[in-house]
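Dropping the sequence and predicted coords here.
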Amino acid sequence: MENPNLLLHKIIPMRRTWFNRIFAFIYTSAIFALFYNHFQNLSINSNTKSTTRISILMLLADLVLAVNSITYQAFRMCPIRREVFPQNIPQILKNESEYPALDIFICTADPYKEPPMGVINTALSVMAYDYPTEKLSVYVSDDGGSQLTLFAFMEAAKFARHWLPFCRKHNIVERCPEAYFATQIAQLIEGRDEIEMAYRNMKITVEKVVERGDVIGVDHIITDEEVLKTFSKCSGTNGFTSRNHPTIVQILLESCINRDVLGHALPNLIYLSREKSTSAAHHFKAGALNMLLRVSATMTNAPIILSLDCDSYSNDPTTPLRALCYYLDPKIKPELAYVQFPQIFHGINKNDIYGSEWKSYVQINAYGMDGLMGPNYIGTGCFFQRRAFFGDPLSILLPEIPELSPAYQVCKPIHDKEVLALADHVASCKYEDQTKWGYEIGFSYGSLVEDFYTGYQMHCKGWKSILCYPKRAAFLGSSPIALHDMLSQSKRWFLGYFEIIFCKYSPITYGLRSLDLLQALCYIHYVSWPIWSIPVPIYAFLPQLALINSLPIFPKVSDPWFYLYIFLFVGAFMQEFLDYMLTGGTIPKWWNYQKSWLIRGLTSFPFAMFEYILGCFGFSAPGFNVTSKVVDDEQTSWYEKGYFVFGVPSPMFLTITMAAIINLVAFSCGIERVISGKERFDNVFLQICLAGFVVIHSWPLYEAILLRTDKGKMPLKITLTSVALVLVLCIVFSLVF
Ligand SMILES: O=c1ccn([C@@H]2O[C@H](COP(=O)(O)OP(=O)(O)O[C@H]3O[C@H](CO)[C@@H](O)[C@H](O)[C@H]3O)[C@@H](O)[C@H]2O)c(=O)[nH]1
Ligand SMILES: [Mn+2]
């Protein structure tokens, strides 16, 4: 038997697996029966032109839904859970010097959307990890090239000298200062008041500088000549803009030189802003990450890399040890590209009205993929093996210069002139020209969901990945509270998926050949999300318009096919419901989550499709619009009370408002006709139910249109335009059908 003291991880299969498999078989058969029924209906001679047209559109909608439902079953075939035993690591690594080095990458892009105080909190939380300090290096990439962020980091470097020993001494679990000082502590902790005071002072200084938008002019005196030189280099007066500027490399802390207040070493902390030029493509976050891969290779070249968004702070100091439980296993390591921790958010309201937890994506489906080749990479909270960025597990693909290779041993200190010159060179905007970066080496270019695409390509090359889902969240990030921000964020993701479906390495073609079948189906499921922009609008408008025009389109209650529709609908609904509840969800959250899909189906999905088509004709280029992490107090208070925050007159609100209106009209019309005896209930039962279903989901919209007067209500412009568009739609329907 294996020595229990050396056991680092184990797998726990899920009991629901067999049930899932049987259900998948029955459900898939039911879907085939549905298509039989569709073709049967289409071939009936008595069809009028309008019923044929409607049937064809419904068939199209059902085809997309079928692809979605069948591929969805792939996640359910072998779901597993895992457990790790980090407490056993000291039995294996007896000395601190035996721990592998860890490079941590933090990306930020805009000091106004991503307040520097938040970014430094993330950095401080990981600098304080329970991990040998000399082995830790934190690299910050600032795509905004902002002196405000740099200034905040200089302050953070000073504060770290106090914060790190404080956390260790008192074994603090909450190592993100902002989160720590926000919690009430029952017992008295020596030195807490002093350190809280130091933190508050730093916060005031940083926020003052951010508010003024300028560092040098502020009364806070910078005396150091070198530092002044750096700031003057990135000041606007030298023609420095976030899109056009030279590389900035600033070593803020160096492990072999800087000490904390107790005399212990501090981790390396390096601020980087890669060179930007309006004439060179910079590939958004993927470009930033590749620069980080190269610069860190020249300075520390750690074999393990943690990639983080600027808002995902560490919530558990033992997290790297959990990842090590896999990297220390010689049976797993050679094929292991990354260990992914779930993306969990703070600040989501009680019932998660926008479905922002993404439970099925982050948890349920991830457990499913974990039993196959491994979960997809979700951009943050992921521990990579550096080697995985260079070729497949069997053959390494060497970069253009040996200093960037994963096997390269760094022997000079970071501040060495040669090291700095090389770092500067590999961060320049022309460096990647004529190299394999972004295509065969490093993070992948070509999609706005660079995370998803990178993980997918690693799996295609034969790498595996692992999901680590500890009870206490490893990282906590922020999630949009304004509906428009949430929808724009999903729109960007869906546009990214579109780019992947139609690319050379599409999961539908290349993926099916390169991956295990079930893994390929999982990836196909995700990239086909955006084609939901076909069935959701069809189901939200067509049966309702038909109902208004007295056209029955679904089987009658007395027809045996009626039960097939009921089974398909209730079956899908119940399967999601069970999965949701079994992974610790609540009924209101589940209800909101599936509502959020209807909302996205009418907004983010079609708008992404529209943008993608415009892009194909050269009318627009996909851009990475950074999600705002700033909190507006009034909006937050409405959101916390459980209300949707509309506020801005976004065109994306038009479609949902139109659906809310049409469904209400159709539902009332249908009921009125049945009551007055003009229509048999039997004929239009399913159509009335569907309209009723949408009406129930649209409650927040009716409220925002009619009852609310606050900042988050539906703008009047949107309501009026939607009413006009509904009238146009009704006229078009009566002309076409
Ligand atoms: O040109 C850019 C644009 C963005 N970022 C950074 O990328 C991260 C994610 O950006 P955010 O606006 O927060 O996007 P989200 O949609 O919230 O992010 C999710 O989706 C992204 C794209 O799929 C993933 O990269 C993220 O990890 C994932 O959290 C942030 O730290 C940004 O600072 C850059 O470094 N450079
Ligand atoms: Mn984000």
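Right, received. Where do you want to start? Ligands and ions are numbered 1, 2, ... in the order given.

all contacts plus neighbour counts: C-alpha atoms, from now on.
Will do.

out of everything not next to it in sequence, what's closest to the residue in the stretch 301-450 of the chain that ligand 1 sits nearest to?
Ligand 1 sits closest to residue 379 of the stretch 301-450 of the chain, with a gap of 3.1 Å, by C-alpha to the nearest ligand atom. Nearest residue to residue 379 in three dimensions, chain neighbours excluded: residue 451, at 4.8 Å (C-alpha to C-alpha, 6 or more residues apart in numbering).

Around ligand 1, pick out the residues from the stretch 151-300 of the chain.
Counting by C-alpha under 6 Å from any ligand atom, the residues of the stretch 151-300 of the chain close to ligand 1 are 284-285, 288.

can you do 8 Å?
Residues of the stretch 151-300 of the chain lying close to ligand 1 by C-alpha under 8 Å from any ligand atom are 282-289.

how about JSON lines for these, with distance to residue 199 added?
Formatted as JSON lines, these follow (distance: C-alpha to C-alpha, whole Å):
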{"residue": "282", "distance to residue 199": "35"}
{"residue": "283", "distance to residue 199": "35"}
{"residue": "284", "distance to residue 199": "32"}
{"residue": "285", "distance to residue 199": "30"}
{"residue": "286", "distance to residue 199": "33"}
{"residue": "287", "distance to residue 199": "33"}
{"residue": "288", "distance to residue 199": "29"}
{"residue": "289", "distance to residue 199": "30"}
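
Let me know the closest of those residues to residue 142.
Nearest to residue 142 among those, counting by C-alpha to C-alpha, is residue 288 at 8.2 Å.

And the helices in the stretch 351-500 of the chain?
359, 365-370, 417-426, 450-460, 483-501 (DSSP state H, counting those that start in this stretch).

re earlier: tell me the confidence at the residue of the stretch 301-450 of the chain closest to ligand 1?
We have a pLDDT of 97 for residue 379.

where does it fall, phi/psi-wise?
Main-chain torsions, residue 379, degrees, to the nearest 10: phi 90, psi -20.

my guess is it contacts residue 308, does it?
Yes: the pair residue 379 / residue 308 is scored as a contact, 7.1 Å apart, by C-alpha atoms under 8 Å.

Between these two, tell me which one has more neighbours.
residue 308 (25 against 19; other C-alpha atoms under 10 Å).

of all the helices of the stretch 351-500 of the chain, which lies closest to residue 215?
helix 417-426 (23.5 Å).

Could you give me the buried positions within the closest one?
For helix 417-426, burial by neighbour count (16 or more other C-alpha atoms under 10 Å) applies to 419-420, 423-426.

Let me have those residues in a markdown table, adding distance to residue 263 and pLDDT as columns.
Converted to a markdown table, the buried residues of helix 417-426 look like this (distance: C-alpha to C-alpha, whole Å; pLDDT from 0 to 100):
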| residue | distance to residue 263 | pLDDT |
| --- | --- | --- |
| 419 | 26 | 97 |
| 420 | 26 | 97 |
| 423 | 29 | 97 |
| 424 | 31 | 97 |
| 425 | 34 | 97 |
| 426 | 34 | 98 |
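
Excluding covalently adjacent residues, which one is nearest to residue 603?
Closest residue in space to residue 603, ignoring its immediate chain neighbours: residue 652 at 5.2 Å, by C-alpha to C-alpha, 6+ apart.

Test for you: state the pLDDT assigned to that neighbour.
For residue 652, the pLDDT comes out at 95.

And residue 187, by the same measure?
76.

circling back to that earlier point, out of the helices of the stretch 351-500 of the chain, which one sits most buried?
helix 365-370 (a mean of 26; mean count of other C-alpha atoms under 10 Å).

Centre of the chain to that one, how far?
16 Å (C-alpha atoms, centre = their mean, to the nearest Å).

helices or strands next to it in the packing?
strand 80-84, strand 464-467 (3 or more C-alpha pairs under 8 Å, 6 or more residues apart in numbering; DSSP states H and E).

run the last query once more with 10 Å
Other helices and strands packing on helix 365-370, by 3 or more C-alpha pairs under 10 Å, 6 or more residues apart in numbering; DSSP states H and E, are strand 80-84, strand 464-467, helix 517-527.

Pull out the buried positions in the longest helix along the chain.
In the chain, with assignment by DSSP state H, the single longest helix is helix 17-42. The neighbour-count criterion (16+ other C-alpha under 10 Å) identifies 17, 20-21, 23-24, 27-28, 30-31, 34, 38, 41-42 as the buried residues of helix 17-42.

next helix or strand past it?
helix 49-72 (DSSP states H and E).

confidence score at the residue nearest to residue 379?
Residue 451 carries a pLDDT value of 98.

Over to the one 3 residues further on?
At residue 454 the predicted local distance difference test score is 98.
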